[in-house]
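structural data only, the sequence is not supplied:
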């Protein structure tokens, strides 16, 4: 067992729609500090979706710049993006404009929803003179294949010399974007068929075809449009964020690792950041535990991830209490 003076690494994702990753990390940290002498190492994480901008700004330092944008129904809103590395790199979280939670459930219309607001943010970020624009694309309300975003970028005069890196939270290819994610955005079976036909037609209009290419179906195909039209590089968001956070070094320095997310289930194994951290902890020989809103893992899944203790907690007070409780497993 490593020395008790080594910190516990606290690395939760957001509890989507409930608590930001930083709030969860702080609550777990308070619970741990009541019983441990070494201060925990708080490392809130994100995988390219909700909360990625906040996590990367904390990790890299920088500033937030306000920008005018539109939600997925083309209603104006105020959003923003980040500038890091003395302004050479901009970070855009498209969910700040076209995120699904910004649209009331009764107003969700997958066929009408547009990625135009995402394009406005990307164009505004490029207009600062940043040579690199990192685009985190998870959690969108749109399934338009990125058509709206390309329109907005064109309206703004293009991207200049900026290079795009897209942080992707799923491996879904372009042509499956509506089939896989359309229902949660308000599409019924017939709407999914129409959206899929629209995606296939759009794919044929690009300089290169995004169909069958992994990660091109993120944000309703927005990632694929940026890849096909602007040569954007597509990267797994979890790996990109963990590299920025220097996660491997911090895992090796830890006594134990605590991951967290709103619901842990079989989909956690399919590339979510909690699973990525758990695998890295196992490879480093560091015990891994989890505090989650709800647990749907069976014993086999838990063994695959090599997560030792899983505690459910759904409020910040419960999460803090779980931090105290988990000390018994360290």
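Looks like it arrived, so ask away. Everything numeric here is computed off the predicted structure, so don't read it as measured data.

count residues in the vicinity of residue 287, would you?
Residue 287 has 20 neighbours, counted by other Cβ atoms under 10 Å. Bear in mind the C-beta positions are built from the backbone N, C-alpha and C, glycine included.

go on, the one 3 residues further on?
Residues within reach of residue 290, counting by other Cβ under 10 Å, total 27.

do residue 209 as well
Residues near residue 209, counting by other Cβ under 10 Å: 16.

Three-state assignment for it, please.
At residue 209 the chain is in coil, as set by DSSP: H, G, I helix; E, B strand; the rest coil.

now do the phi/psi pair for it.
phi -90, psi 120 (degrees, to the nearest 10).

correct me if wrong: it contacts residue 228.
Yes: here residue 209 reaches residue 228: they are 7.1 Å apart, a contact under Cβ atoms under 8 Å.

mutual contacts of these two, please.
Each of residue 203 lies in contact with both residue 209 and residue 228 under the rule Cβ atoms under 8 Å, 6 or more residues apart in numbering.

model confidence over the helix of greatest length in the chain, on average?
Using DSSP state H, we find that the single longest helix of the chain is helix 189-203. Computed over helix 189-203, the mean pLDDT rounds to 98.

check the offset of it from the chain's centre.
25 Å (Cα atoms, centre = their mean, to the nearest Å).

how about stretch 186-201?
That offset, for stretch 186-201, works out to 24 Å (Cα atoms, centre = their mean).

where's residue 292 relative to residue 95, distance?
Plainly put, residue 292 is 21 Å away from residue 95 if you go by Cβ to Cβ, to the nearest Å.

okay, those two: which has more neighbours?
More crowded of residue 292 and residue 95, by other Cβ under 10 Å: residue 292, with 28 against 25.

residue 168 versus that one, what's the distance?
Taken as Cβ to Cβ, the span from residue 292 to residue 168 is 23 Å.

check residue 144 too.
Look at residue 144 and residue 168: by Cβ to Cβ, they are 17 Å apart.

quick one: name whatever helix or strand follows the longest helix of the chain.
With elements assigned by DSSP states H and E, the helix or strand that comes after helix 189-203 is helix 222-230.

buried residues in that following helix?
By 16 or more other Cβ atoms under 10 Å, the buried positions in helix 222-230 come out as 222-230.

now render those as JSON lines, adding distance to residue 50 and pLDDT.
Putting the buried residues of helix 222-230 into JSON lines (distance: Cβ to Cβ, whole Å; pLDDT from 0 to 100) gives the following:
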{"residue": "222", "distance to residue 50": "15", "pLDDT": "98"}
{"residue": "223", "distance to residue 50": "16", "pLDDT": "98"}
{"residue": "224", "distance to residue 50": "20", "pLDDT": "98"}
{"residue": "225", "distance to residue 50": "21", "pLDDT": "99"}
{"residue": "226", "distance to residue 50": "19", "pLDDT": "99"}
{"residue": "227", "distance to residue 50": "22", "pLDDT": "99"}
{"residue": "228", "distance to residue 50": "25", "pLDDT": "99"}
{"residue": "229", "distance to residue 50": "25", "pLDDT": "98"}
{"residue": "230", "distance to residue 50": "24", "pLDDT": "98"}
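
tell me the domain ranges of the chain?
Using automatic domain parsing, the domain ranges for the chain come out as 8-45+246-329, 52-238.

for the shortest one, what is the average pLDDT?
The reference is to domain 8-45+246-329. Here the average pLDDT along domain 8-45+246-329 is 95.

also stretch 102-109?
Mean predicted lDDT for stretch 102-109 stands at 94.

if we look at it, which residues are touching it?
Here stretch 102-109 makes contact (Cβ under 8 Å, 6+ apart) with 71-73, 77, 100, 113, 141, 185-186.

identify, from those, the entry nearest to residue 272.
Ranked by distance to residue 272 (Cβ to Cβ), the contacts of stretch 102-109 are led by residue 100 at 17.4 Å.

tell me which stretches of this protein form strands.
Listed in chain order, the strands of the chain (DSSP state E) span 8-12, 41-42, 63-70, 76-84, 89-93, 132-136, 163-168, 233-236, 256-264, 288-295, 307-312.

what would those look like in a markdown table with distance to residue 118?
Shown next, in a markdown table, are the strands of the chain (distance: least, Cβ to Cβ, whole Å):
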| stretch | distance to residue 118 |
| --- | --- |
| strand 8-12 | 26 |
| strand 41-42 | 30 |
| strand 63-70 | 8 |
| strand 76-84 | 10 |
| strand 89-93 | 8 |
| strand 132-136 | 8 |
| strand 163-168 | 11 |
| strand 233-236 | 15 |
| strand 256-264 | 24 |
| strand 288-295 | 28 |
| strand 307-312 | 34 |
